[in-house]
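> Need a 3D model of the following:
(one chain, ligands or ions: 1)
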Amino acid sequence: MFDKSGTERYPLIKALEQQLEQVSFRFHVPAHLADRGPHPASDFDLTELSGLDNLFEPAGVIAESQRLAAEFFGADETYYLVNGSSAGLIAAIWSSCRRGEKVILGRNIHRSAIAGLIWSGAVPCFIPVKEHIRGIPLNIDVPTAEAVLSGKGVSSTAMVVTNPSYFGISTDLDALRTITARRGITLIVDEAHGGHFIFSPEFPRSAAVCGADLWINSAHKTLGALTPGALLHRKGGRANPARLKNGLSMVQTSSPSYAVLASLEMICREQEDGWREAIRLSRYARQQINSRGRFVCLEASMLPTGFFMDPLRLTIKADKVALSGFQLAKILKDECRIEVELAGHNNLVAIIHPGHRKDDIDALILALKQIGERYYSPGGTEYAHESYPLPDMALSPRDAAESSWRELPIRDACGLISAVTVSPFPPGIPVLIPGEVIAKEIVEQIIADYSRGYNFLGLGADPSLPIMVVDTD
Ligand SMILES: Cc1ncc(COP(=O)(O)O)c(C=O)c1O
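Numbering: from 1, shown residues only. Just a heads-up that it's a prediction; the model follows:
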């Protein structure tokens, strides 16, 4: 159970508890009346009642709770997000860029950043993710980012960096901070998967420490908050708080879940022992998995200079085993009752959290040992590289989104302009965004990846993979 000693640190939870104590007869939404619904977790599911403040204009317990969160995370301001990091990214991009301005983004951005581009009307310049290790993408590197920033005609207002990547790989954020600060560019860090980086020096350096202007944590992913609770932090004078607040009020619901808000308040506390134990268990898991020579679990020592790894993310690749990541994940689920975070053609990702026990880790190690013996293949299996070429851009995402569209099977779309974001899921990294030209190689790669088992967001469910294109007729 959550230890609430020091209740002054939990103003929102205290107010919610008072609400439950003080009221016996409810004549307001939500319909489950707090504790009479079928949901086990409905107690704190209240609304903007007296004493519970307002998320869009906080002046009471939410304001105080967010102030304490900002203090905890080293920000000037923290905004609670009840629509995930997606809402934070959209508002961060919209508040930092105007129509027609250039924004630099790593190509491994989440699809919600594209919504930020469409909404703001900003024009993207992408930094390709060139570096791969054993077929697994790393992250953007600093020299390439600097080259894009210095490119002819690229005078940008913001840079968006996904750090860490879904695979737990961080780039050199300090170096990126230096080059963006030199040019007066707002640095927005999508730290959706790295909210825990502030908790231990064994994690890669956090956006907070590196001096980002805005950064976003999916607290529901790695910090134990309820889904889709997330945090947007602002520090320094570059990002505009008024625009940010206004942006958030446009992309978030006006009926925030107080259960989610309370869970965000709860995660703002030291949990050193939990993180230390999780790191210890992940070290043990890596050592055990790698010692058997059937699978490779990425280690920090395998990475090129300038990249860092979240120890809690186990990115596992078959080495001397004839299985794809999809096949491995299916066997783990069907035969060993083990569910992992993500499976790709040539890898899978399992995440270790502070709540894990050694038994859990041993179950994973044993399952991989047994599967490794059963599917042993001395030559291993070479799997295709899963990267896509960077498409040419014919229209800004906003112009493409606003144009007329028509639908046709992807194989007939070569040379046309995409009207939508297409991304294999998970992890949801776009291979096409609105305004980009659908090159033949991209079509071929999408068809190949679909046949390997990837699902695609942005394409119809029909096997012909229908795509919306800009209707230029
Ligand atoms: C890198 C990255 N950024 C942002 C998001 C969006 O996060 P949320 O689900 O909290 O909206 C995700 C979701 O998976 C993600 O992987």
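
> Give the helix, strand or coil label for Ile13.
Judged by DSSP: H, G, I helix; E, B strand; the rest coil, the three-state class of Ile13 is helix.

> downstream neighbour of the least confident helix or strand in the chain by mean pLDDT in the secondary structure list?
Within the chain, no helix or strand scores below strand 132-133, which has a mean of 80 by mean pLDDT, DSSP states H and E. For strand 132-133, the following helix or strand on the C-terminal side (DSSP states H and E) is strand 136-137.

> what lines up beside that following strand in the sheet?
In the sheet, strand 136-137 lines up against strand 132-133 (antiparallel) (DSSP bridges).

> Buried residues, stretch 234-244. List them.
234-235, 238-239, 244 (16 or more other Cβ atoms under 10 Å). C-betas here are computed from N, CA, C, even on glycine.

> what is the mean pLDDT for that stretch?
Stretch 234-244 shows a mean pLDDT of 96 in the predicted model.

> Using CSV, write out the CA atom coordinates for that stretch.
C-alpha atoms of stretch 234-244 as CSV (Å, rounded to 0.1, in the frame of the first residue of the first chain):
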residue,chain,number,x,y,z
ARG,A,234,9.1,23.5,-18.3
LYS,A,235,12.3,25.1,-17.2
GLY,A,236,13.9,28.4,-18.1
GLY,A,237,12.7,31.3,-20.2
ARG,A,238,12.6,29.9,-23.7
ALA,A,239,9.2,28.1,-23.7
ASN,A,240,6.1,30.2,-23.3
PRO,A,241,4.0,29.2,-20.3
ALA,A,242,0.9,31.1,-21.4
ARG,A,243,0.9,29.3,-24.8
LEU,A,244,1.7,26.0,-23.2
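
> hmm, who's touching that stretch?
Residues from elsewhere that reach stretch 234-244 (Cβ atoms under 8 Å, 6 or more residues apart in numbering): 74-79, 91-92, 94-96, 184, 186, 208, 211-214, 232.

> how does it look with 6 Å?
Outside stretch 234-244, the residues that touch it by Cβ atoms under 6 Å, 6 or more residues apart in numbering are 75-77, 95, 186, 213-214.

> Stretch 217-228 now?
Applying Cβ under 6 Å, 6+ apart, the contact partners of stretch 217-228 are 84-85, 191-193, 195-196, 229-231, 260, 263-264, 267.

> Stretch 138-151 too?
Stretch 138-151 has contacts (Cβ under 6 Å, 6+ apart) with 104, 106, 125, 127, 129, 131, 165, 169, 171-172, 175, 179, 306-307.

> Can you list the buried residues in it?
In stretch 138-151, counting by 16+ other Cβ under 10 Å, buried: 138-142, 144-145, 148-149.

> quick one on the thing from earlier: out of the contacts of stretch 217-228, which is nearest to the ligand?
Nearest to the ligand among the contacts of stretch 217-228, counting by Cβ to the nearest ligand atom, is Gly84 at 2.4 Å.

> My guess is that closest one contacts Leu232. True?
No: applying Cβ atoms under 6 Å, one finds Gly84 not in contact with Leu232, separated by 10.6 Å.

> More neighbours: these two, which one.
It is Leu232, of Gly84 and Leu232, that has more neighbours when counted by other Cβ atoms under 10 Å, with 25 against 22.

> Determine the next helix or strand in the C-terminal direction from the one helix or strand the more buried one maps to.
Per DSSP H and E: Leu232 is located in strand 230-234. Downstream of strand 230-234, the first helix or strand assigned by DSSP H and E is helix 241-251.

> So which residues make contact with the following helix or strand past that following helix?
Later in the chain than helix 241-251, the nearest helix or strand by DSSP H and E is helix 258-266. Contacts to helix 258-266, defined as Cβ under 6 Å, 6+ apart, come from residues 2, 10, 12-13, 16, 44-46, 65, 80, 82, 219, 225-226, 229.

> quick one: the following helix or strand past helix 258-266 to chain centroid distance?
Going down the chain from helix 258-266, the next helix or strand is helix 272-291, by DSSP H and E. The gap between where helix 272-291 is centred and where its chain is centred comes out at 23 Å by Cα atoms, centre = their mean, to the nearest Å.

> for helix 272-291, what is the average pLDDT?
In this model, helix 272-291 has an average pLDDT of 95.

> Could you do stretch 84-101 as well?
Mean predicted confidence for stretch 84-101 is 97.

> Identify each buried residue in it, please.
So for stretch 84-101, counting by 16+ other Cβ under 10 Å, buried means 84-97.

> Redo the residues you listed as JSON lines? Include distance to Thr472 and secondary structure.
Output for these, formatted as JSON lines (distance: Cβ to Cβ, whole Å; DSSP: H, G, I helix; E, B strand; the rest coil):
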{"residue": "Gly84", "distance to Thr472": "35", "secondary structure": "helix"}
{"residue": "Ser85", "distance to Thr472": "35", "secondary structure": "helix"}
{"residue": "Ser86", "distance to Thr472": "30", "secondary structure": "helix"}
{"residue": "Ala87", "distance to Thr472": "33", "secondary structure": "helix"}
{"residue": "Gly88", "distance to Thr472": "35", "secondary structure": "helix"}
{"residue": "Leu89", "distance to Thr472": "30", "secondary structure": "helix"}
{"residue": "Ile90", "distance to Thr472": "28", "secondary structure": "helix"}
{"residue": "Ala91", "distance to Thr472": "32", "secondary structure": "helix"}
{"residue": "Ala92", "distance to Thr472": "32", "secondary structure": "helix"}
{"residue": "Ile93", "distance to Thr472": "27", "secondary structure": "helix"}
{"residue": "Trp94", "distance to Thr472": "28", "secondary structure": "helix"}
{"residue": "Ser95", "distance to Thr472": "32", "secondary structure": "helix"}
{"residue": "Ser96", "distance to Thr472": "31", "secondary structure": "helix"}
{"residue": "Cys97", "distance to Thr472": "27", "secondary structure": "coil"}
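
> From the opening residue of stretch 378-389 to its closing one, how far?
Across stretch 378-389, the terminal residues are separated by 32 Å (Cα to Cα, to the nearest Å).

> if we can go back for a sec, against the ligand, which of the contacts of stretch 217-228 make the cut? List them.
84-85, 192-193, 230 (Cβ under 6 Å from any ligand atom).

> what residue ranges in the chain score low on pLDDT?
Where the chain drops to pLDDT under 70, the residues are 1-7, 33, 36-41, 153-154, 382-386.

> Show me how the record splits it into domains.
Following automatic domain parsing, one finds the domains of the chain at 61-266, 271-374, 397-470.

> Deepest in the core, which of the ones you listed is it.
The highest mean neighbour count among the domains of the chain, using mean count of other Cβ atoms under 10 Å, belongs to domain 61-266: a mean of 21.

> next one: it to chain centre, how far?
9 Å.

> What is the end-to-end distance of that domain?
Using Cα to Cα, one end of domain 61-266 lies 14 Å from the other.

> try stretch 48-61
11 Å.

> Not counting that stretch itself, show me its contacts.
Against stretch 48-61 from outside (Cβ under 6 Å, 6+ apart): 11-12, 15, 19, 62, 249, 256.

> Good, we can wrap up now.
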